[in-house]
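Q: Would you be able to build a 3D model of this:
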Amino acid sequence: MELAKSGKPKIAKDFFIYFLLPILLLGGTAALSVLIAYPAYKDLPVKDSELKALQEKDLRLDQKLKKLNDLTDFKEIVDEDLKLVNFALPSEAEVPLLLTEVQQIAKESGLAIGALNYSSSGPNEAGDTSRVNVFLNAKGNFSQTKTFLVTLEKAARIVDISTIRFSSLKGASPQSLEVSEIDLSLGLTSPFLFVESKAVTEDPITIDIRDGAFVKFMNNLKNYKVYETVVDTSNIGKENPFVQ
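A: This next block holds a predicted model:
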């Protein structure tokens, strides 16, 4: 009887050490694993979204690098194209160049300039360009006026006609329409770009110099005449500096 009583504590001890304690340890390990893994598991969708964003960014940068390499490989062609585009739509108002161009075209067309001045205008609705307004008063005939308008249309710089008015010169003798002398008033507008230096690494390059539409546009732009700057100071100080 005493032997049986003395064996009970040992059995209980062995039960705790070899059976109950391992179960408790396993349970504690499982609970601890859940406590550690749950926050990471909860953030898994966020991490997946961040990974996709990084992969998309890497793809955009790779595409941008390829286009930059194209621009570098064809630097001479790009420089020539950029020069043509700047003639058509300059990055600054360049009012003196515009007035010189209008004066030169009017002179080549046979018009006698009476007045030529300009005023600035606000930005357009998109906010990426602004305008220079030019007023021209000249005398000539219908044929010369038509030549002026056609030549202005074929010039590289973008110039729009906002107003046009003409009337017969006082005292002019009646003649055919083509050679009738008229007093001409023209309102012209020319846009120019606002250039802001705010390059962003992730922003894509939208110009593809290999694209057929881009090549066609540049080839068409080459058909327009570029008027280089010619500064004539010979008439400075005259009452009408536009008259030779």
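
Q: Please enumerate the helices of this structure.
A: Along the chain, counting by DSSP state H, helices occupy 2-15, 21-42, 44-73, 75-88, 95-109, 142-153, 212-221.

Q: Which residues does the last one contact?
A: Where contact means Cβ atoms under 8 Å, 6 or more residues apart in numbering, the residues beyond helix 212-221 that reach it are Asp81, Leu84, Val85, Ala88, Ala156, Ile207, Asp208, Ile209. To be clear about C-beta, it is placed using only N, CA and C from the backbone, and glycine gets the same treatment.

Q: could you check the distance from the spatially closest residue to the second one that is not a sequence neighbour over to Val102?
A: In this case it means Leu84. Spatial nearest neighbour of Leu84, chain neighbours left out: Leu221 (5.1 Å); criterion: Cβ to Cβ, 6 or more residues apart in numbering. Distance, Leu221 to Val102, using Cβ to Cβ, to the nearest Å: 20 Å.

Q: Looking at these two, which has the bigger crowd around it?
A: Val102 (26 against 15; other Cβ atoms under 10 Å).

Q: If Phe192 is in a bridge, with which residues?
A: Phe192 forms beta bridges with Ser130, as assigned by DSSP bridges.

Q: Test my guess that it contacts Thr129.
A: Yes. Counting by Cβ atoms under 8 Å, Thr129 is a contact partner of Phe192 at 6.4 Å.

Q: So for the two, which residue has more residues nearby?
A: Remark: of Phe192 and Thr129, Phe192 carries more neighbours, 20 against 14, as counted by other Cβ under 10 Å.

Q: Would you enumerate the residues in contact with that one?
A: Counting by Cβ under 8 Å, 6+ apart, Phe192 makes contact with Leu89, Pro90, Ser91, Glu92, Ala93, Glu94, Thr129, Ser130, Arg131, Val132.

Q: Could you pull up phi and psi at the third one?
A: Ser91 adopts backbone torsions of phi -90, psi -10, taken as degrees, to the nearest 10.

Q: Can you report how many residues lie near it?
A: Using other Cβ under 10 Å, Ser91 has 11 neighbouring residues.

Q: same thing with the second one?
A: Using other Cβ under 10 Å, Pro90 has 19 other residues around it.

Q: Let's see the pLDDT reported for the closest residue to it other than its chain neighbours.
A: Excluding the flanking residues, the one nearest Pro90 by Cβ to Cβ, 6+ apart is Phe192, at 5.0 Å. Looking at Phe192, its pLDDT is 87.

Q: same deal with Thr129?
A: 81.

Q: I'd like to know how far the spatially closest residue to it that is not a sequence neighbour sits from Ser130.
A: Using Cβ to Cβ, 6+ apart and skipping the chain neighbours, the partner closest in space to Thr129 is Pro191 (4.5 Å). Using Cβ to Cβ, we find Pro191 at a distance of 7 Å from Ser130.

Q: any idea how far Leu221 is from Lys107?
A: Note on Lys107: its distance to Leu221, by Cβ to Cβ, is 25 Å.

Q: ditto for Glu228
A: Glu228 sits 16 Å away from Leu221, going by Cβ to Cβ.

Q: Likewise for Thr151?
A: From Thr151 across to Leu221, the span is 17 Å (Cβ to Cβ).

Q: And Glu56, by the same measure?
A: Glu56 is 35 Å from Leu221, by Cβ to Cβ.
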